[in-house]
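quick one, what's the 3D model for this:
(2 chains)
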Amino acid sequence: MIIPVRNIKDFWAGVIYIAVGFAAIFFARDYGMGTATKMGPAYFPVVLGGLLALIGAASVVRSFVRHGEPIGTIAIKGMLFVCGSTALFGVLLRGAGLVISLIVLVIVSAYGSVKFRLGPTIALAAGLTVACVLVFIKGLGIPLPLFGSWFDG
Amino acid sequence: MELIEHLGLGFATALTWGNLFYCLIGVFLGTLIGVLPGLGPTATIAMLLPITFTLPPVSALIMLAGIYYGSQYGGSTTAILVNLPGEAASVVTTLDGYQMARQGRAGVALATAAIGSFFAGTVATLLLALFAPPLADVALKFGPADYFSLMVLGLVASIVLAHGSLLHAFGMVLLGLLLGLIGTDVNSGMQRYTFDVPALADGIGFVTVAMGMFGLGEIIRNLENEATRSVIAKEITSLMPTKEDWKRMIPPILRGTALGSAVGILPGSGSIMGSFASYSLEKKVSKYSKEFGKGAIEGVAGPESANNAGAQTSFIPMLTLGIPSNPVMALMIGAMIIQGIQPGPLVITEQPALFWGIITSMWIGNLFLLILNLPLIGIWVRIIMVPYHLLYPAILVFCAIGVFSLNNTEFDVYLMALFGFIGYILSKLDCEPAPMLLGFILGPMMEEYLRRALLLSRGDPLTFIQRPISATMLVLAALAMVAVLLPAIRKTREEAFQEE
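Numbering: from 1, shown residues only, chains lettered A, B, ... in the order given. Modelled structure (predicted):
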């Protein structure tokens, strides 16, 4: 027999809490508990992890009892392009330099919107790149190469 | 009188050309991001934190504070004109403010919000000046056990005052506390949860988490449904409230200010809870309660005063105890540490010019806001029209460069992307990021004080109830916890949040 989950949000939040709670306890196993007087590095995180797992269990139990709303639409495209473009910026920054990584960041992230249009986005990328170079490199002197190590030699 | 002397010192600091300039920049930026939906003060201050390295401490803090309370002003403008809250705290303003705008009274609604905010800001500044010094004196007597209990009270308050489910707020606090422990343990030098990644040895930066969860997470949330915004009342005619309006707005402004100031001091809420509470209160006491939701001026005056008062009084625990009551205050503490100032009760005596300068700058900033907002309303209306699909890549650019420049490492950029993802997923599960961030900040401090307290008491946990200050805090925390679980109060709490 399968008991239906009535509150899907409570269920998954509970699962996350339990997982993190147990992970916290598991990875702290070699840290040394110590005693209440002289606490070891594991003491506090293990207590917190245990509490978190308890909260998670309560949330899972509640998800079978109390009704809740469905999760609703998840902006998968937005999530992918916003987080992806940010990570890509990190990858490109030293090798390709600030100018190229900024242009890539703007265009790739803008693609996450349903209203994406190439023309205005390119204009935006150009404008932001010029502004950032002026403010961050010339103005604040942040040590970033305009063009990175891939262009050397 | 001592107070006059202190305020005199404050004005002498805040009224230099440089500090006036940074105050103006702060409130201008604050209004700007308040007007722009999808960009809040937490993400903005996190982005600008690296830039403040280069400023003198007073100017940096004056500017950052201006961004925070300025955003409360700006948020109400969008709420009234577009029916979109620019800030979480102005959610309730949309209810009656937008209705007033539809009736052609946008100007009056904006003026009411501005007048209420200015009055509340003035009172809150005075409260800050009056209560901060005695509180700091008390704080000097705090031992480790007292600090630990104070943080427990803070976290309990942030759970009680969080939106939505208590259980999730509790879970998020614990999640934050655990995340805060990543890095080197100060007592033993042991690397905890670092998985041999050298970049994690110093722990995860607070700014990285804040930008990820509030900056990126918010962007993704806004991409879920990109509604087209339409601005109502392009021509704003009369700003001046009528005699009848004045009569109806004054009592709500007074009540909102009192309520907002009181709630603002409590941890976890800042300005949001105050505005919700004020709206419920006005609806209850007003003779015109039937008009609520249909353009009642009380529904704008009360909450707008409350959110501004709350934004300012939330500086009290930060400036006197060195304990943040919300994520913005945690960033302010970060800014102080960057400048080499240890936040805590000693700031008042060791850095009087800084302390009083910040406080008086808030009043000056409120004056700027009054001047900025009403005549310049046309400019703000035009800024609301900036389409979001062109705005958010710009936000991302500033987040990315900002987070990189903190430690000059790409690792922080990756972490920010990861926290954007985590923040979005958690928000889809109705788990609020604010309690988590508070836990994240307090985690290492709490552990440290807990260890010290138990070391001093030779492992006797009774120390927490034997010390009067600590015991009081714990009793208050327990009362808050019990109260919120009582069916009657629980119902009012849910009602208060239902206005959303």
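
the helix or strand containing A:Ile107 close to chain B?
Assigned by DSSP states H and E, A:Ile107 belongs to helix A:98-110. Yes - using Cβ under 8 Å from any Cβ of the partner chain, helix A:98-110 reaches chain B at A:Leu102, A:Leu105, A:Val106, A:Ser109, A:Ala110. C-betas here are computed from N, CA, C, even on glycine.

the third one contacts B:Ile395, correct?
No - because the distance of 10.8 Å does not satisfy Cβ atoms under 8 Å, A:Val106 is recorded as not touching B:Ile395.

ranges for the helices of chain A?
Using DSSP state H, the helices found in chain A span residues A:8-27, A:43-65, A:76-96, A:98-110, A:118-132.

contacts for the shortest one next, please.
Counting by Cβ atoms under 8 Å, 6 or more residues apart in numbering or on different chains, the neighbours of helix A:98-110 from elsewhere in the structure are A:81-82, A:84-86, A:88-89, A:92-93, A:96, A:116, A:121-122, A:124-126, A:128-129, A:132-133, A:136-137, A:144-148, B:389-390, B:392-394, B:396-397, B:400.

run the last query once more with 7 Å
When contacts are defined by Cβ atoms under 7 Å, 6 or more residues apart in numbering or on different chains, helix A:98-110 is touched by residues A:81-82, A:84-85, A:88-89, A:92-93, A:116, A:121, A:124-125, A:128-129, A:132-133, A:144-147, B:389, B:393, B:396-397, B:400.

need the CA coordinates for that helix. CSV is fine.
Taking C-alpha atoms only, helix A:98-110 is exported to CSV below (Å, rounded to 0.1, in the frame of the first residue of the first chain):
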residue,chain,number,x,y,z
LEU,A,98,37.1,40.3,-18.6
VAL,A,99,35.8,41.6,-22.0
ILE,A,100,35.0,38.2,-23.5
SER,A,101,33.7,36.6,-20.3
LEU,A,102,31.3,39.6,-19.7
ILE,A,103,29.9,39.5,-23.2
VAL,A,104,29.4,35.7,-22.8
LEU,A,105,27.8,36.2,-19.4
VAL,A,106,25.3,38.8,-20.7
ILE,A,107,24.3,37.0,-23.9
VAL,A,108,24.0,33.5,-22.4
SER,A,109,22.1,34.7,-19.3
ALA,A,110,19.8,36.8,-21.4
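
how far out from the middle of the chain is it?
How far helix A:98-110 lies from its chain's middle: 19 Å, per Cα atoms, centre = their mean, to the nearest Å.

and it, average pLDDT?
Helix A:98-110 carries an average pLDDT of 91.

angle of it against helix A:76-96?
170 degrees (axes from the mean of the first three to the mean of the last three Cα atoms, to 10 degrees).

what comes up buried for helix A:98-110?
Of the residues in helix A:98-110, A:98-110 count as buried by neighbour count, 16 or more other Cβ atoms under 10 Å in any protein chain shown.

and for B:Lys244, the neighbour number?
Check again: residue B:244 is Glu, not Lys. Neighbour count of B:Glu244, defined by other Cβ atoms under 10 Å in any protein chain shown: 9.

what lies in contact with the helix or strand hosting it?
Assigned by DSSP H and E, B:Glu244 belongs to helix B:243-265. Residues from elsewhere that reach helix B:243-265 (Cβ under 7 Å, 6+ apart): B:108, B:112, B:116, B:119-120, B:123-124, B:127, B:241, B:269-271, B:273-274, B:277-278, B:281-282, B:297-298, B:301-303, B:305-314, B:316-317.

now the buried members of the residues you listed.
Among these, those that count as buried by neighbour count (16+ other Cβ under 10 Å) are B:108, B:112, B:116, B:119-120, B:123-124, B:127, B:241, B:269-271, B:273-274, B:277-278, B:281-282, B:297-298, B:301-303, B:305-314, B:316-317.

narrow the residues you listed to those in helices?
Using DSSP H, the buried ones among the contacts of helix B:243-265 in helices are B:108, B:112, B:116, B:119-120, B:123-124, B:127, B:273-274, B:277-278, B:281-282, B:298, B:301-303, B:305-313, B:316-317.

isn't B:Val381 right up against B:Val82?
No - here B:Val381 lies out of contact with B:Val82, judged by Cβ atoms under 7 Å, at a distance of 9.0 Å.

which residues of chain A score low on pLDDT?
Along chain A, the model assigns pLDDT under 70 to residues A:1-3, A:153.

can you do 90?
In the predicted model of chain A, residues A:1-10, A:27-44, A:62-78, A:93-98, A:112-120, A:131-153 satisfy pLDDT under 90.

mean confidence score for the strand or helix carrying B:Val413?
Using DSSP H and E, B:Val413 sits within helix B:410-428. The average pLDDT for helix B:410-428 rounds to 92.

who's in contact with that helix?
In contact with helix B:410-428 (Cβ under 7 Å, 6+ apart) are residues A:71, A:74, A:79, A:82-83, A:86-87, A:89-90, A:93-94, B:199, B:204-205, B:208-209, B:211-213, B:216-217, B:220-221, B:399-400, B:403-404, B:406, B:433.

poorly predicted segments of the stretch 301-450 of chain B, please.
For the stretch 301-450 of chain B, the stretches with pLDDT under 90 are B:301, B:303-304, B:307-355, B:359, B:362, B:366, B:369-392, B:394-395, B:398-410, B:427-450.

which residues of it lie near chain A?
Within the stretch 301-450 of chain B, the positions near chain A by Cβ under 7 Å from any Cβ of the partner chain are B:389-390, B:393-394, B:396-397, B:400-401, B:404-405, B:408, B:410, B:413-414, B:416-417, B:420-421, B:424, B:428-431, B:447, B:450.

re the thing from before, quick one: buried residues of the helix holding B:Val413?
Residues of helix B:410-428 classed as buried: B:410-428 (neighbour count, 16+ other Cβ under 10 Å).

hang on, A:Ile137 packs against A:Phe147?
No - the criterion here is Cβ under 7 Å, and A:Ile137 misses it with A:Phe147 at 11.7 Å.

who has more neighbours out of those two?
A:Ile137 (17 against 13).

what about the helices in the stretch 51-200 of chain B?
Here the stretch 51-200 of chain B has its helices, by DSSP state H, counting those that start in this stretch, at B:57-82, B:93-102, B:106-140, B:144-161, B:166-180.

which secondary structure elements does the last one contact?
In this structure, helix B:166-180 makes packing contacts with helix A:8-27, helix A:43-65, helix B:144-161, helix B:433-456, judged by 3 or more Cβ pairs under 7 Å, 6 or more residues apart in numbering or on different chains; DSSP states H and E.

and what of the longest one?
For helix B:106-140, the packing partners by 3+ Cβ pairs under 7 Å, 6+ apart come out as helix B:2-14, helix B:57-82, helix B:93-102, helix B:243-265, helix B:298-313, helix B:315-321, helix B:347-350, helix B:352-373.

give me the angle between the third one and helix B:298-313.
If I follow you right, that is helix B:93-102. Relative orientation of helix B:93-102 versus helix B:298-313 (the same axes, to 10 degrees): 130 degrees.

and if you look at the last one?
Between the axes of helix B:352-373 and helix B:298-313, defined by the same axes, to 10 degrees, the angle is 160 degrees.

got a list of what B:Met213 touches?
Counted by Cβ under 7 Å, 6+ apart, B:Met213 has contacts B:Phe419, B:Gly423, B:Pro433, B:Leu437.

identify, from those residues, the entry nearest to B:Ile67.
B:Leu437 (17.2 Å; Cβ to Cβ).

so who does the closest residue to that closest one other than its chain neighbours touch?
Spatial nearest neighbour of B:Leu437, chain neighbours left out: B:Pro327 (4.4 Å); criterion: Cβ to Cβ, 6 or more residues apart in numbering or on different chains. If you count contacts by Cβ under 7 Å, 6+ apart, B:Pro327 has them with B:Thr42, B:Ala210, B:Ala434, B:Leu437, B:Leu438.
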